[in-house]
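Asker: Quick check, what structure comes out for this input:
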Amino acid sequence: MSETLQIGDVTIPGRVLTAPMTGVSDLPFRRAASACGAPYVATEMVACDSFARGRPDVVRRAAVGQGLPLMVIQLVGRSPEWVAKGAKLAELAGADIIDFNMGCPCKEVTGALSGSALMREPELAERLVDAVVSATTRPVTIKMRLGWDDASRNAPELAARFEGLGVKGFTVHGRTRQQFYNGVADWQAVAAVKAATRLPVIVNGDITDDMSARAALKASGADGVMVARGAYGRPWAASAIAAALTSGGVMREPSPAQRLGIALDHLRDSLRFYGDALGLKIFRKHLGWYVERALCPADAKLRRAVKAHMCQIDNVHAVESALRAIWLDSTLPIRSAAIM
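Answerer: Below is the predicted model of the structure:
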């Protein structure tokens, strides 16, 4: 497996990518993952109309900062006019790659006839993709699902149509929209998308470690993998998986002391970016995931109680002390299989 991935004129120095995740992939998380060695970490989903109108919270989702080797902005929208404006703004903001979302299954997104709802409207989807590609000089990729439901798995057809419009790559989640995140990802179904296009295809869904990554690559024939929920509380996941795939060995998780350093750096970056009060509030979801992955205390029920307690602390120094107590007081071995 090659160690690079070519998307248009952009060379990604790795084939294990970190997904755009709403409410997760803010700038502090992207910097934490990049510092761990992730070569590609996309922004949260950015609504084109709100982005173009300058809504502060939406503009913040596309924030650029030091410590990012690559800037990937994901856009979502339903109007050709607004997605074109969003693409132009994304390029001005410094995007190396612009990703267009046709995969989000959330009701508030599909209810607005965006995200994976566009897979039910191929003609509109084609107009939107054409608008994005025409509005920017940056390579455009598409993130989508297999289809809206099992009766309409049209991802291969759409991939072929979008390639003709100038799209440079695809990420395909191995579920339909109607599955949401239930069941298991059908990696083998992604092979049909790979067969329908000459462009790079990334397989997504249920990839959490080296074993699942290898299985997904084998089943799909894809050019790379994308980690999403597997990176919750593990911003190092993509780089650790990549190292195992490259070496042919077993995935290695960071030591307890390394985990502590990553979590503390992430917390402090969140405070700098948002300010202390909002930064701690926003960090709590990440804090909860870090604790869930800590394996200390070893008893799951007690660990949930520790998580609940820590996520109510409103003093930054107390949070830092609690994090140190979890990891530095532990002598438990950290093993990938146990963490998953």
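
Asker: mind listing the strands in the chain by residue range?
Answerer: 5-7, 10-12, 16-18, 42-47, 72-76, 97-102, 140-145, 169-173, 201-204, 224-227 (DSSP state E).

Asker: Sheet-wise, list the partners of the last one with their directions.
Answerer: Same thing as strand 224-227. strand 16-18 (parallel), strand 201-204 (parallel) (DSSP bridges).

Asker: What of the fourth one?
Answerer: In the sheet containing strand 42-47, its partner strands are strand 72-76 (parallel), by DSSP bridges.

Asker: which residues are in contact with the partner strand?
Answerer: 20, 40-48, 51, 62, 83, 86-87, 90, 93, 95-101, 104, 109, 114-115, 132, 143 (CB atoms under 8 Å, 6 or more residues apart in numbering). C-beta: built from backbone N, CA, C; applies to glycine.

Asker: Next: stretch 264-280.
Answerer: So stretch 264-280 is in contact with 26-29, 31-32, 35, 63, 65, 235, 282-283, 286-287, 314, 316, 319-320, 323, going by CB under 8 Å, 6+ apart.

Asker: Pull out the buried residues from it.
Answerer: 264, 265, 266, 267, 269, 270, 271, 273, 274, 279, 280 (16 or more other CB atoms under 10 Å).

Asker: so how far is it from its chain's centroid?
Answerer: Distance, stretch centre to chain centre, for stretch 264-280: 20 Å (CA atoms, centre = their mean, to the nearest Å).

Asker: what about the residue nearest to residue 250 when sequence neighbours are not counted, neighbour count?
Answerer: Nearest residue to residue 250 in three dimensions, chain neighbours excluded: residue 244, at 6.2 Å (CB to CB, 6 or more residues apart in numbering). Residues contacting residue 244 under the criterion other CB atoms under 10 Å number 20.

Asker: burial of residue 19, as a residue count?
Answerer: For residue 19, using other CB under 10 Å, the count is 26.

Asker: now it: how far from residue 238?
Answerer: 9 Å (CB to CB, to the nearest Å).

Asker: So, low pLDDT: which residues of the stretch 101-250 of the chain?
Answerer: Along the stretch 101-250 of the chain, the model assigns pLDDT under 70 to no residue.

Asker: can you give me the helices in it?
Answerer: Ranges of helices in the stretch 101-250 of the chain, per DSSP state H, counting those that start in this stretch, are 107-110, 122-135, 155-165, 187-196, 210-220, 237-247.

Asker: Out of those, flag the one nearest residue 179.
Answerer: Residue 179 lies closest, by CB to CB, to one member of the helices of the stretch 101-250 of the chain: helix 187-196, at 11.4 Å.

Asker: Output the closest one as PDB, restricted to C-alpha atoms.
Answerer: Coordinates of each C-alpha in helix 187-196 appear next as PDB, following Å, rounded to 0.1, in the frame of the first residue of the first chain:
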ATOM      1  CA  TRP A 187     -17.300  -2.300   2.900                       C
ATOM      2  CA  GLN A 188     -17.700  -4.700   0.000                       C
ATOM      3  CA  ALA A 189     -20.400  -2.500  -1.500                       C
ATOM      4  CA  VAL A 190     -17.900   0.300  -1.700                       C
ATOM      5  CA  ALA A 191     -16.100  -1.800  -4.300                       C
ATOM      6  CA  ALA A 192     -18.800  -0.900  -6.800                       C
ATOM      7  CA  VAL A 193     -18.000   2.800  -6.400                       C
ATOM      8  CA  LYS A 194     -14.300   2.000  -6.900                       C
ATOM      9  CA  ALA A 195     -15.200   0.100 -10.100                       C
ATOM     10  CA  ALA A 196     -17.300   3.000 -11.400                       C
END
